[in-house]
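**Student:** here's a sequence, model it:
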Amino acid sequence: MQGVGFRPFVYRLATELALCGGVKNTSQGVVIDLEGDPEVIAQFLYRLRQSLPAHADIQSIEQKEIPAAGSTTFEIWPSTTDATAAGGQILPDLAICPECLQDIFNPGNRRYGYAFTSCTHCGPRYSIIEALPYDRAQTTMRAFEMCPECLAEYATPTQRRFHAQPNACDRCGPSLSFWADGIEHKQAPLQKAIASLKQGKIVAIKGLGGFQLLVDARNNEAITRLRQLKQRPHKPLALICATFAAARRHAQISEVAAALLTAAPGPIVLLPRRQDVSELSRLIAPQSPFLGIMLPTTPLHYLLLGAYGHPVVATSGNVSGEPICTDNRAALEKLSVIADAFLVHNRPIQRPVDDSVVQIVQDRPQILRHARGYAPQTIHVANQLPASTCVLAVGAHLKSAIALSIGEEIMLSQHIGDLNNAEARNQLKQTADDFLSLHQARPDAIACDQHPDYGSTQLAQALAKKWKVPLIPVQHHYAHILACMAEHQLQAPVLGVAWDGTGYGTDGTIWGGEFLQVTDHGFERMAHCLPYDLPGAEQCSLEPRRSALGLLYACYGAAAFEMTDLAPMQSFTRPQLVILRKMLTQKVNTPATSSIGRMFDGVASLLNLHHYISFEGQAARTVEFAASQSSVRGVYPFVLYDTQPVLIDWRPMLKAMVRDIQDAVMTPVIAAKFHNTLTKMIVDVSRQMGIQQVVLAGGCFQNKVLIERTIRQLSSAGFTPYWSQKVPTNDGGLAVGQVKAAWRQLPHARR
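**Tutor:** Numbers count the residues shown, from 1 in each chain. Okay, here's the model as predicted:
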């Protein structure tokens, strides 16, 4: 791992033990030459493992004896690059450490008020690295020549800035400027940004990995305007609180959550909101019992929030649907339609890295958006491939991210986003090229989703052609399960429960309610939900009422159209119902699906919660939140048909649900019974299959109520449940599973 202060640590340890030799970075990792008494060298190796720097992680140590060079001192040698070597881990960007935080608020310190203070324990890494090894000359800091004082710190072994590559101060480092109305202001830029926030303006601020859009979290008018201009009418917005105490005033914070909020990655953490807080606007996270809260992660954010004195709303600095902005000029041009003012700096961002999002499941963190602070993440997964084998996987269409494997290491990139436009698809390509370049790697295969129309699939086809290597399409739900298996280093067999919105099935239909047995050689579809039709196909993803109609038609046939007392039927006009009836009866543009994700959408419409949505998962989240308000333990009936694969007939459940709706049973009770029934389906199918290890994967398992109830019930039934925690369970982790699937298909793979 490069960028953690490992070489300075090695230097201090070797010097303390009077060993001679040297240490250097290479593109494969760190090389240490030691000369001295064998017993002292053994002591060095013991202490090396026992007292590592905070963020260091030793994957392996290889030792060999070489002739003594006759060194009389221990030195940090210049880094070397081996053009034939691929590897070398990169540290993610890190939130400001307590020591640097003290520096910027200490009037007697020379870095008092300096917005780019960092040391070997914190600051930018991944977002500024241009190439490995990690040296200042190969980062975007190379343009800033250190002043004598910074250089002295950099060269002094006892200093915590010893060999800190981003080291700088206000004399020699990056600086801020403020833009408004097309005019740059270099005097008091921070104060001008604070004044703009007080005036209710939208301020774009350049953070570690890209721009954020900020407004006062108390100002309804400013938040409404931000939502309108960002085209984000309902999706929850995140909150930055200046201090942990301030965060606690707005949310309930457990010990696990407290550790997450204050940890070096600095993610947005989803926390139960306090209902007695009136200071914050209710427009921040409408209809949600959670607030996404983060603490300041950079000196700039601490200085801004500390002086402002109130929480601010923060959202990604991008035009709707496009990747986050990183370049000053591009931001001033694109974000000017949203932001009134800009607080920028002149340290270039090498690659976009958005804010990470984490929730807590069973008292453990679960990463939902894998980005700043966590990316790039390296997962060690044993295989029997040659050590140089390299696979590039490009993920899916939504929440895209890429993964690159070299030998037994799988590296997962930062979140890129949905591939709905050319800018996002270009960012995916840039990220793939970037990973290959950083690790000096040449792929032996390209892996992608089986869906032929995904932008990621088309990129994979072009890359396979460019590199003249095999293209390996991987079934969507199989990849979800393999990603979780990779994280937990599970061996087959496992029963994988893969539930999500939609994924291309091996039979050409739309899957999404799957039970797959994973073996050493592939997978078998053991069970799935009874398919139902989606009238309007993709239109169902925006209109939950259409999914509801598909569910009702599967239960009642044409009689469903006479059930005018139900909310989804009332949401359509009479002419619309005539057209939809023809579509379903004649099977025109009504693909069949087994999707649990679309079932959640349909249930939201049946419960009159949502007939239209403005962001993915909106309807399902509302059903989840309703269920969390009830402790009812009842379940609805369903049938498991003894077929191959087993068919889960959910129609008795839906009919019972409709009767409850017609009997005016409370919505939280119906939503809770729906969740309980889904959990029972998983447990009953698991019992029938008799496989000990049960993996829960796919976007539906972002649902905290569903996954926690399922984990508890599976455990009580004697199974060992696994769920994704470090790798996103949504499509953001799919590329990891694609890599693992591709390994099995490479010609030199040993079975």
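
**Student:** low-confidence regions, this protein specifically.
**Tutor:** 1-3, 27-28, 55, 81-88, 748-751 (pLDDT under 70).

**Student:** one more pass at 90, please.
**Tutor:** Within the chain, the stretches with pLDDT under 90 are 1-30, 35-90, 132-134, 157-158, 275-279, 320-321, 384, 387, 747-751.

**Student:** helices of the stretch 101-250 of the chain, start to end?
**Tutor:** Secondary structure of the stretch 101-250 of the chain (DSSP state H, counting those that start in this stretch): helices at 148-155, 189-198, 220-230, 244-250.

**Student:** and the second one, which residues are buried?
**Tutor:** Within helix 189-198, the residues scored as buried using 16 or more other Cβ atoms under 10 Å are 189-190, 192-194, 196-197. Placement of C-beta: from N, CA and C, glycine included.

**Student:** isn't H163 right up against W77?
**Tutor:** No: between H163 and W77 there is no contact, the gap being 11.5 Å when judged by Cβ atoms under 8 Å.

**Student:** picking that back up, now the buried residues of helix 189-198 as JSON lines including distance to K740?
**Tutor:** Below are the buried residues of helix 189-198 laid out as JSON lines (distance: Cβ to Cβ, whole Å):
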{"residue": "P189", "distance to K740": "48"}
{"residue": "L190", "distance to K740": "47"}
{"residue": "K192", "distance to K740": "51"}
{"residue": "A193", "distance to K740": "46"}
{"residue": "I194", "distance to K740": "49"}
{"residue": "S196", "distance to K740": "48"}
{"residue": "L197", "distance to K740": "46"}
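
**Student:** give me the more crowded residue out of H163 and W77.
**Tutor:** Comparing H163 with W77 by neighbour count (other Cβ atoms under 10 Å), the higher total belongs to H163, at 22 against 13.

**Student:** nearest spatial neighbour of that one, skipping sequence neighbours?
**Tutor:** P8 (4.9 Å; Cβ to Cβ, 6 or more residues apart in numbering).

**Student:** can I get the helix or strand where the one you found lies as PDB, trimmed to CA atoms?
**Tutor:** In the assignment (DSSP states H and E), P8 maps to helix 6-16. Extracted in PDB, the C-alpha atoms of helix 6-16 (Å, rounded to 0.1, in the frame of the first residue of the first chain):
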ATOM      1  CA  PHE A   6       5.300   3.200   5.200                       C
ATOM      2  CA  ARG A   7       8.800   4.100   4.000                       C
ATOM      3  CA  PRO A   8       9.300   6.700   6.800                       C
ATOM      4  CA  PHE A   9       8.100   4.100   9.300                       C
ATOM      5  CA  VAL A  10      10.600   1.500   7.900                       C
ATOM      6  CA  TYR A  11      13.300   4.200   8.000                       C
ATOM      7  CA  ARG A  12      12.700   5.000  11.700                       C
ATOM      8  CA  LEU A  13      12.500   1.400  12.700                       C
ATOM      9  CA  ALA A  14      15.700   0.400  10.900                       C
ATOM     10  CA  THR A  15      17.500   3.400  12.300                       C
ATOM     11  CA  GLU A  16      16.400   2.600  15.800                       C
END
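
**Student:** that one - contacts with which helices or strands?
**Tutor:** Applying 3 or more Cβ pairs under 8 Å, 6 or more residues apart in numbering; DSSP states H and E, one finds that helix 6-16 contacts strand 20-26, strand 29-35, helix 38-50, strand 74-76.

**Student:** just how off-centre is the third one within its chain?
**Tutor:** The reference is to helix 38-50. Helix 38-50 sits 38 Å away from the centroid of its parent chain (Cα atoms, centre = their mean, to the nearest Å).

**Student:** now swap in the first one and tell me
**Tutor:** Here strand 20-26 is found 35 Å from its chain centre; the criterion is Cα atoms, centre = their mean.

**Student:** ok, that strand: who's next to it in the sheet?
**Tutor:** Using DSSP bridges, strand 20-26 pairs in its sheet with strand 29-35 (antiparallel), strand 74-76 (parallel).

**Student:** mind saving the C-alpha coords of that strand as CSV?
**Tutor:** Below are the C-alpha coordinates for strand 20-26, written out as CSV (Å, rounded to 0.1, in the frame of the first residue of the first chain):
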residue,chain,number,x,y,z
CYS,A,20,21.9,-0.5,7.4
GLY,A,21,20.5,-0.6,3.9
GLY,A,22,17.6,1.2,2.4
VAL,A,23,13.9,1.2,1.4
LYS,A,24,12.2,2.2,-1.9
ASN,A,25,8.8,2.2,-3.6
THR,A,26,8.5,0.1,-6.8
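
**Student:** check which residues of it are buried.
**Tutor:** Neighbour-count burial for strand 20-26 flags 20-26 (criterion: 16+ other Cβ under 10 Å).
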